[in-house]
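> Predicted model and sequence follow; I will ask about them next.
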Amino acid sequence: MQEMRFEAPETLDAAVALLTNAEGEARVLAGGTDLLVQLRAEIIEPALVVDIKRIPEMLAITQASDGGFKIGAAVPCQALGENMALKAAWPGVVEGAELIGSTQIQGRASMGGNLCNASPAADSVPGMVAAGATVTIIGPDGEREIPVQDLPAGPGMTTLTKGEVVAFINLPSPAPNSADAYLRFIPRTEMDIAVVGAGVAVTIDDVGVCTAARVSLGAVGERVLLVDECAAALIGTPIDDAALDNLAAAASAATRPIDDKRGTKEYRTRVAGVLARRASIIARDRVGAK
Amino acid sequence: MPDEVKLNDMDSLNWVGTRPARPDGVDKVTGKARFGADLSLPGMLHGRVLRSPHAHAILKSIDTSKAEALPGVKAVVTRDDFNDMPSEFVPAGEMMVNYRDIVRNVMAREKVLYDGHAVAAVAATSASIARKALKLIEVDYEVLPHVIDVEEAMKPEAPLLHDDLFTVGVEPAPKKPSNIAKVVEFKLGDVEKGFGEADIIVERTFNTAPVHQGYIEPHACVASVNADGLAELWVTTQGHYVVRGHCARMLGMDISKLKVTASEIGGGFGGKTVVYLEPVALALSNKSGAPVKMVMSREEVFRASGPTSGARVYVKVGAKSDGTITAGHCELKYQAGAFQGSPVQPGAMCAFAPYDLENVDVIGYDVVSNRPKVAAYRAPGAPISEFGVECVIDEIAKKIGMDPLDIRMKNAAKEGTQAAYGPKFGPIGMISSLEQAKAHDHYSAPLGENQGRGVASGFWFNIGGETCVTMNVNEDGTVALLTGTPDIGGSRASLSMMAAEELGIDVDKVRPMIADTASLPYTFLTGGSRATFAGTTAIIHASKDAIDKMRARAAQFWDVSIDEVVWENGEARPASTNVGDFDPLSIEDIAKLANSTGGPISGRAEINVQGAGPSIGTHIVDVEVDKETGRVEILRYTVLQDAGKAVHPSYVEGQFQGGAVQGIGWALNEEYIYDDNGRLENAGFLDYRIPVASDVPMIDTVIVEVPNPVHPYGVRGVGETPIVPPMAAINAAIEQATGIRFTELPMSPPKVLKALDEAAASGGDD
Amino acid sequence: MPKIHVTTTINGDATEYLCEPEQTLLDVLRDELNLTGSKEGCSSGDCGACSVMVDGRLVCSCLVMGAEAEGREVETIEGMADGEALHPLQQKFIDHAALQCGVCTPGILVAAKALLEQNDDPTETEVRYWLAGNLCRCTGYDKIIRAVLDTAAEIRGA
């Protein structure tokens, strides 16, 4: 039985070097709210754990001159909610992140970790996908940037290769007259894993017609889905009842869920439409309120 | 039944009915209170249990040699380290346990019978070495077909858990073994005649899920056995005397050799009335010669410690069109888990107990299946049977156009009612709780769209039992109060208040403590809502003993006879001016005189308390149903329950509130989810889903006080009853909001949405 | 295996300890430092009984590695009272009978203190959601919520 080594490098380069040179399984520790659970349950037994929270840029939120945001992979979700500019620009992204677990979890859990844990039910991911976020990945061969939805490969699996680490989440500057929203369904009011999640971002022109939309669904497939049919149901409409009916039907049709302890196929299919509809209304009304 | 006693004058009480700070409060808000896992001893080892991944398998062999060879491992135990025991039933709370089964549940012998069943245990110098050692134990299982569902388990072709289990309670006695351990029946009158007189008959079959007590503190203990066989055990338990008895029997020890100390206990609700880790820790300590600490993980708590039964409940009730119930019949099939002993008997006793009925027939089946052995959970058995009965009565009320409180009022049990399970009730609070429910502003408050209101009543008989108290009068006149019932919910507060009341001293002068098993005679466990009822009864006896001794000392000091000394307001006084002109002697004065008048003073009681009065409550709940997701939100909740007399009203309210919220969890989300291999899939708080703070509203309480005539202050137990009504009340509220009456718990969102969609598809609501 | 040497601050006191890489901060507090006020209810961040503050953020100490505490400021229930003087929340919990068994109480107090330090006028709903990660099975939460709201009112009035 191998012993686990713990490292807390202070630079990204050092982190990449540790991960690249690791013998056996290596894991990145951001907030640890999934990693430590898996360690204690002996689901994973890595040879190396690399804590990235001593790397200053991993804990920073910076806003570029064009209004976009660069968010360190280990920024705790609570800090996202404390950033007023981010909250104003991407309320749906922030509300998704803020739904992960309890207050205690919020003090630790990060969007980077939530994404890399690659659960299809990850609460922060549909919001990021709807917002068109990308991730910056740094590895032994340098840096690459991919859309958020391309990082998970399936439940618990990512497209990262050995030595790579998700360094930043990049959110664009929202287009004028745009807003986003995220809703999830859980049986209780808190503390559950999403049974279904829906992230919606819309742009609405001066006469009230939706000109752009992105709709993302969580927990209804092997990974978070970006559903073009849902966007199509909204674009060119005033997001009225007829459009919302079409959207809900498209959302339900796009799902490919499983039966598990958290929900049935039938239930997830049905509720995906309900939540996509409700989140779209919130996003629409947010544009109206601007 | 014991005789009625003269009730104290309730207007002149100093402490009973007030709300002083609890004596263990500061310890608990500062983190100093020591719970089961908080003790460490020098040289202590860490024990862990290897558990079966199979629901049902023959244990062909267990090879521990590699684990024993791991550096740091000091002892390994398996079935070979425990003696087999013959079948013998002993009481555990309101339930019975069998030594043959305890020894097999603590450590699997011939077979493993559920996912999580203990197979071996190790003690090592660190927790991580112990974990590694478990992986080195090689177990050869021959996996057998398993059965989880209760009705499947009852079928003749079902996989058989025990080939020596023959159904008890049927004639003729069966010749073939089965999974049905026992059949019980309670009858009154003639149900066929009663149904014949009915204008309306409703019959329904309900399914309830097994639910876990969900205490936040996992099972934990520290055992230390010396080479001479003297042993100590520190344990989180509801009854350390019961633990002592079970462990001594299992390990072949004299009871005198084992001293058990109850730690602070982080919740039990019935689940900490049996042994799991304790005999194993003692065996590991015995083998290693070092103290051994064992703590269950949360996963182990769910997989291997007792939930209460899931059940199938068939209820048939007949009534006249004026609401008079003419007959009640129900058939209860309770899961016992892997070993017999479900709470089907108390469930059957309570089923129709809130009602004054002429014709009742309740049949109960105790059924084993490949699940963890059930343990007591708050009013064990009663919430299941009463859920079915209350739902059917509610449906009858609706069908005949009667208010649901009125139909209960019309049929309410009252003083003199003959219960189907035997007793004739004394004064009880059913009618009072219903009247106060009807008068409560909650009952007439307006409701909005998609909202509904439900009511239900609940009954629990309560128990007394062996209870000992010692009251030591210290040198300065303060009092050390030793009791033997672990304090789960603030009972030390109510017990010290009763001592202060009886002695006539300040509650601050009484220091209550939970004695270890060597310091007081046998005291039955905290359960059945007995701790305050039985404890205060014993304290009243012990106080009288102490007061008589103090009167005797005063008499001696004054050189008068004891009959000439009375005890008033905490002082010995001459009974009349004829006795002499003596200044009163306070307890402090007498304590100072103790040595010169014969030595130290204490009051004692060692009694088997009888005459627990049943407690009945009625709950009102408002819900709102999200018709697109099926989620049920609890908007408002009110508990109205008879406490006889509330000693410390805050902790009585706390029992009402806590029980109601456990019932809300039972109603809406809690359940055990097994996969096709019989493995528990939701063995954690994340997916077991007990209510969190944001799931519930404030729980309003009304303490109804119908004095229990055999207690000088009228006290009744209160802890169990509040978990009985919530499921039926919520069911009725959902029915009002949606028009759909559910027959399956939990009423979780997928089930609710499915039913709503089906109702909409079939042409709308009724 | 080599243990990790950690220098940290716990309840204001400079503290050093050795820990195994797999030990959590909760394991270290309880087993190495004998600070057993933080409780282990689940080891998965679902019950909140192990709540502590790390660098001013409320966390579950079961989800923090012991090695991570290097150079951090950790506050536990043991540091909540000021000598003999209870924190107002501690006193209100006793006054309101906001505990029964008391095993969840340390975590709830640490969490409630964190709330009141950033919001001294929370609504009932805000208190309930803030404390949603602190399971209590005894009280039904009613008296806990009342105690927190009453403490907030007292702090505002002072």
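Received the coordinates, thanks.
> Enumerate the residues of chain C near chain A.
C:1, C:4, C:21-22, C:24, C:43-46, C:48, C:51, C:54, C:57-60, C:62-65, C:67-68, C:70, C:111, C:114-115, C:129-134 (Cβ under 8 Å from any Cβ of the partner chain). Heads up, the C-betas are built off the backbone N, CA and C, glycines and all.
> From B:Val139, how far off is the residue of the stretch 501-650 of chain B found nearest chain C?
Per Cβ to the nearest Cβ, B:Ser650 is where the stretch 501-650 of chain B lies closest to chain C, at 3.6 Å. B:Ser650 sits 50 Å away from B:Val139, going by Cβ to Cβ, to the nearest Å.
> next one: A:Gln38
25 Å.
> again with B:Lys66
From B:Lys66 to B:Val139 the distance is 12 Å (Cβ to Cβ).
> Which one of those two is surrounded by more residues?
A direct count of neighbours by other Cβ atoms under 10 Å in any protein chain shown for B:Lys66 and B:Val139 places B:Val139 higher, at 20 against 13.
> The more buried one should be in a helix, yeah?
No - read with DSSP: H, G, I helix; E, B strand; the rest coil, B:Val139 is strand and lies in no helix.
> That one - nearest residue in space that isn't next to it in sequence?
In space, B:Val139 comes closest to B:Ile62 once its chain neighbours are excluded; the distance is 5.2 Å by Cβ to Cβ, 6 or more residues apart in numbering or on different chains.
> pLDDT averaged over stretch B:130-142, what's the number?
Averaging pLDDT along stretch B:130-142 gives 97.
> what about that stretch, start to end distance?
26 Å (Cα to Cα, to the nearest Å).
> How far away from the center of its chain is it?
35 Å (Cα atoms, centre = their mean, to the nearest Å).
> Counting neighbours, which bits of that stretch end up buried?
B:130-134, B:136-137, B:139, B:141 (16 or more other Cβ atoms under 10 Å in any protein chain shown).
> can you map out the helices along chain A?
For chain A, the helices defined by DSSP state H occupy A:12-21, A:35-40, A:77-82, A:84-89, A:91-98, A:103-106, A:111-116, A:124-131, A:228-234, A:241-254, A:265-289.
> need those helices in JSON lines with mean pLDDT, mean neighbour count and distance to chain B, can you?
JSON lines is the format used below for these (pLDDT from 0 to 100; neighbours: other Cβ atoms under 10 Å in any protein chain shown; distance: least, Cβ to the nearest Cβ, whole Å):
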{"stretch": "helix A:12-21", "mean pLDDT": "98", "mean neighbour count": "18", "distance to chain B": "23"}
{"stretch": "helix A:35-40", "mean pLDDT": "96", "mean neighbour count": "21", "distance to chain B": "8"}
{"stretch": "helix A:77-82", "mean pLDDT": "96", "mean neighbour count": "20", "distance to chain B": "17"}
{"stretch": "helix A:84-89", "mean pLDDT": "97", "mean neighbour count": "15", "distance to chain B": "21"}
{"stretch": "helix A:91-98", "mean pLDDT": "97", "mean neighbour count": "26", "distance to chain B": "14"}
{"stretch": "helix A:103-106", "mean pLDDT": "97", "mean neighbour count": "26", "distance to chain B": "11"}
{"stretch": "helix A:111-116", "mean pLDDT": "97", "mean neighbour count": "27", "distance to chain B": "15"}
{"stretch": "helix A:124-131", "mean pLDDT": "98", "mean neighbour count": "33", "distance to chain B": "17"}
{"stretch": "helix A:228-234", "mean pLDDT": "98", "mean neighbour count": "22", "distance to chain B": "17"}
{"stretch": "helix A:241-254", "mean pLDDT": "98", "mean neighbour count": "19", "distance to chain B": "10"}
{"stretch": "helix A:265-289", "mean pLDDT": "96", "mean neighbour count": "22", "distance to chain B": "4"}
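> Make CSV out of these and add distance to B:Phe459.
Shown next, in CSV, are those (distance: least, Cβ to Cβ, whole Å):
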stretch, distance to B:Phe459
helix A:12-21, 63
helix A:35-40, 42
helix A:77-82, 47
helix A:84-89, 52
helix A:91-98, 45
helix A:103-106, 40
helix A:111-116, 48
helix A:124-131, 48
helix A:228-234, 53
helix A:241-254, 46
helix A:265-289, 36
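> same for the helix or strand hosting the residue nearest to B:Val139, what does it pack against?
Element membership for B:Ile62 (DSSP states H and E) is strand B:57-63. In this structure, strand B:57-63 packs against strand B:111-112, strand B:118-124, strand B:138-143, with contacts taken as 3 or more Cβ pairs under 8 Å, 6 or more residues apart in numbering or on different chains; DSSP states H and E.
> Burial check on the closest residue to chain C within the stretch 101-250 of chain A, number of neighbours?
Nearest residue of the stretch 101-250 of chain A to chain C (Cβ to the nearest Cβ) works out as A:Ser102 at 2.1 Å. Residues near A:Ser102, counting by other Cβ under 10 Å, number 28.
> now do B:Asp441
Number of residues near B:Asp441 (other Cβ under 10 Å) recorded here: 8.
> got a pLDDT number for it?
Looking at B:Asp441, the pLDDT reads 98.
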